[in-house]
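J.: Quick check, what structure comes out for this input:
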Amino acid sequence: MFNRPYTLACTAVLCAALLPFGALAQEDDYVVPRTWDGAPDLQGVWRNATVTPLTRPRELGERRAYTREEAFQLERAAQLEVEQDNEPLDPNRPPPPAEDLPPVGNYDLFWTDRGMFMPTIDGEYRTSIIIDPPNGQLPGYTEEFLAARAEERATGPDPFDGPEGRGVGERCLLAFGSNSGPPMLPVMYNSHYQIVQSPGYVVIVVEMVHDARIIPIQDEHDPHADVLNKWMGDSIGRWEGDTLVVETRHFNPWQSFRGASENLTVTERFRRVADGKIIYSFTVDDPTVFESSFTGELALTAYDDPLYEYACHEGNYALAGTLAGARLAEQEEREAAQED
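T.: Numbers count the residues shown, from 1 in each chain. Model prediction:
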């Protein structure tokens with residue numbers, strides 16, 4: 001993991017005065033640059049960290065956007081939370097009550113690189129990344145999926161039996177959450193991507209775990225994709241005007257987005273609207289798991305720094321400790337049973 005020092009790019013007052021109007025004017029008149037072979041140029045280092053949550057606060061109902069003033073209040077609250085968490089602690093302070101202690105192993109905000117700003121999308125300060133369904137919520141699961149998951153949990157292997165039972169993020173095989181995607185969603189740090197293009201290909205390099213998705217510009221999926229089941233699935237791209245449309249299927253069975261099955265299809269769109277902004281949208285469709293498809297949008301903003309090395313396996317002692325703890329618990333259970 002590499003922690004980037006956070007900086008507050010501007011005060012709320014200054015942002016309120018400068019950002020919305022200039023940014024919108026640039027986007028309205030923007031001419032997308034081209035690569036040397038004539039394709040729309042999406043290249044650069046981008047980040048998707050944002051104050052905007054994945055799902056909308058339920059009390060907002062179908063309200064799609066905040067006012068400018070509301071957005072700046074949320075930004076400032078996020079900034080103050082980090083600033084206050086980074087204040088030096090009194091070494092002579094008394095210990096906190098046990099009920100106030102955070103979970104063991106939890107990060108404090110110093111180690112995170114969370115979004116503290118809310119980029120506009122088509123002039124709106126969005127109340128959620130999810131825009132369809134209109135209530136900004138994820139759809140429910142199908143009854144068949146819920147029944148199958150309950151049976152698997154009741155009869156399946158113990159997740160502490162061996163390393164294969166742990167998540168792919170914990171095993172340093174793939175970025176945790178859905179950071180690598182698709183869909184590419186922000187997590188608490190390392191929300192950085194580098195897009196590289198060559199004739200017939202677009203490559204998205206993810207800072208976390210060094211994941212790299214190679215997207216050929218072609219009409220058909222790899223005929224062997226349903227056998228190979230690559231990490232991040234089999235992606236193919238096409239250009240619709242200046243927008244890159246990417247369809248991904250055939251995900252690895254160990255990679256599951258919120259319980260999605262082998263029938264998952266993710267369709268993404270990358271639309272560059274300014275030198276420093278790409279609008280990224282995604283639609284998730286898996287009728288065997290979700291009651292309906294759902295769509296989200298967020299902004300990728302340009303970042304001047306390069307990607308950094310992500311250290312995971314080199315210091316991943318937690319996995320061995322987790323399994324060793326499980327073996328000790330089993331031994332204690334056996335010894336207790338013998339005593340009885």
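J.: any low-confidence regions in the stretch 1-150 of the chain?
T.: The stretch 1-150 of the chain contains residues with pLDDT under 70 at 1-26, 100-107.
J.: can you pull out the helices in it?
T.: With helices called from DSSP state H, counting those that start in this stretch, the stretch 1-150 of the chain shows them at 12-28, 68-85, 143-155.
J.: Can you give me the buried ones in the longest one?
T.: Spelled out, that is helix 68-85. For helix 68-85, the buried set under the neighbour-count rule, 16 or more other Cβ atoms under 10 Å, comprises 71-72, 74-76, 78-79, 82. Any C-beta I mention is one placed from the backbone N, CA and C, and that applies to glycine too.
J.: what does stretch 32-44 give?
T.: Quick answer for stretch 32-44 (16+ other Cβ under 10 Å): 32, 39-40, 42-44.
J.: ok, now stretch 220-236?
T.: Neighbour-count burial for stretch 220-236 [16+ other Cβ under 10 Å]: 221-222, 225, 229-236.
J.: Give me the distance between residue 285 and residue 308.
T.: 34 Å (Cβ to Cβ, to the nearest Å).
J.: so residue 281 is in which element?
T.: Under the criterion of DSSP states H and E, residue 281 resides in strand 277-285.
J.: what's that strand packed up against?
T.: strand 265-274, strand 294-302 (3 or more Cβ pairs under 8 Å, 6 or more residues apart in numbering; DSSP states H and E).
J.: Could you dump those strands into CSV with mean pLDDT added?
T.: Shown next, in CSV, are the helices and strands packed on strand 277-285 (pLDDT from 0 to 100):
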stretch, mean pLDDT
strand 265-274, 97
strand 294-302, 96
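J.: Roughly how far does residue 237 sit from residue 294?
T.: Residue 237 is 22 Å from residue 294, by Cβ to Cβ.
J.: same thing with residue 240?
T.: In this view, residue 240 and residue 294 are 21 Å apart by Cβ to Cβ.
J.: And the two? Which one has more around it.
T.: residue 294 (20 against 9; other Cβ atoms under 10 Å).
J.: bridging residues for the more buried one?
T.: residue 284 (DSSP bridges).
J.: Now do the contacts for it.
T.: 130, 132-133, 138-139, 283-284 (Cβ atoms under 8 Å, 6 or more residues apart in numbering).
J.: Among those, which are located in strands?
T.: Those of those mapping onto strands are 130, 132, 283-284, per DSSP state E.
J.: any idea which of these is the one closest to residue 152?
T.: residue 284 (21.3 Å; Cβ to Cβ).
J.: Which pLDDT value belongs to the closest one?
T.: Residue 284 carries a pLDDT value of 97.
J.: Isn't it up against residue 263?
T.: No: applying Cβ atoms under 8 Å, one finds residue 284 not in contact with residue 263, separated by 11.3 Å.
J.: of those two, who's got more company?
T.: It is residue 284, of residue 284 and residue 263, that has more neighbours when counted by other Cβ under 10 Å, with 25 against 12.
J.: how far away is the more buried one from residue 270?
T.: For residue 284, the distance to residue 270 equals 16 Å [Cβ to Cβ].
J.: tell me the contacts of the most centrally placed residue in the chain?
T.: In the chain, the residue lying closest to the centroid (Cα atoms, centre = their mean) is residue 185, at 2.2 Å. Residue 185 sits next to 48, 54, 129, 177-179, 296, 298 when contact means Cβ under 8 Å, 6+ apart.
J.: secondary structure class for it?
T.: Classification of residue 185 using DSSP: H, G, I helix; E, B strand; the rest coil returns coil.
J.: In terms of pLDDT, where does it sit?
T.: pLDDT for residue 185: 95.
J.: Against residue 316, how distant is it?
T.: In terms of Cβ to Cβ, residue 185 sits 23 Å off from residue 316.
J.: same check, this time on residue 154
T.: Counting by Cβ to Cβ, the gap from residue 154 to residue 316 is 30 Å.
J.: Does residue 52 touch residue 118 like I think?
T.: Yes: between residue 52 and residue 118 there is a contact at 5.5 Å, judged by Cβ under 8 Å.
J.: Identify the contacts common to the two.
T.: 125-126.
J.: now residue 63: how far from residue 57?
T.: Relative to residue 57, and taking Cβ to Cβ, residue 63 is found at 9 Å.
J.: same question but for residue 162, I mixed them up
T.: When residue 162 is compared with residue 57 (using Cβ to Cβ), they lie 40 Å apart.
J.: Alpha carbons only: can I get the lengthiest helix in the chain in CSV?
T.: Of all the segments of type helix in the chain, defined by DSSP state H, the longest one is helix 318-339. Taking C-alpha atoms only, helix 318-339 is exported to CSV below (Å, rounded to 0.1, in the frame of the first residue of the first chain):
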residue,chain,number,x,y,z
ALA,A,318,-2.3,-11.3,8.3
LEU,A,319,-3.3,-14.3,6.1
ALA,A,320,-0.9,-16.6,7.9
GLY,A,321,-1.9,-15.2,11.2
THR,A,322,-5.6,-15.6,10.4
LEU,A,323,-5.2,-19.3,9.5
ALA,A,324,-2.9,-20.0,12.4
GLY,A,325,-5.5,-18.5,14.8
ALA,A,326,-8.1,-20.8,13.3
ARG,A,327,-5.9,-23.8,13.8
LEU,A,328,-5.4,-22.8,17.4
ALA,A,329,-9.1,-22.4,18.0
GLU,A,330,-9.7,-25.8,16.5
GLN,A,331,-7.1,-27.3,18.8
GLU,A,332,-8.6,-25.6,21.9
GLU,A,333,-12.1,-27.0,20.9
ARG,A,334,-10.6,-30.6,20.6
GLU,A,335,-8.9,-30.3,24.0
ALA,A,336,-12.1,-29.0,25.6
ALA,A,337,-14.1,-31.9,24.1
GLN,A,338,-11.6,-34.4,25.4
GLU,A,339,-11.8,-32.9,28.9
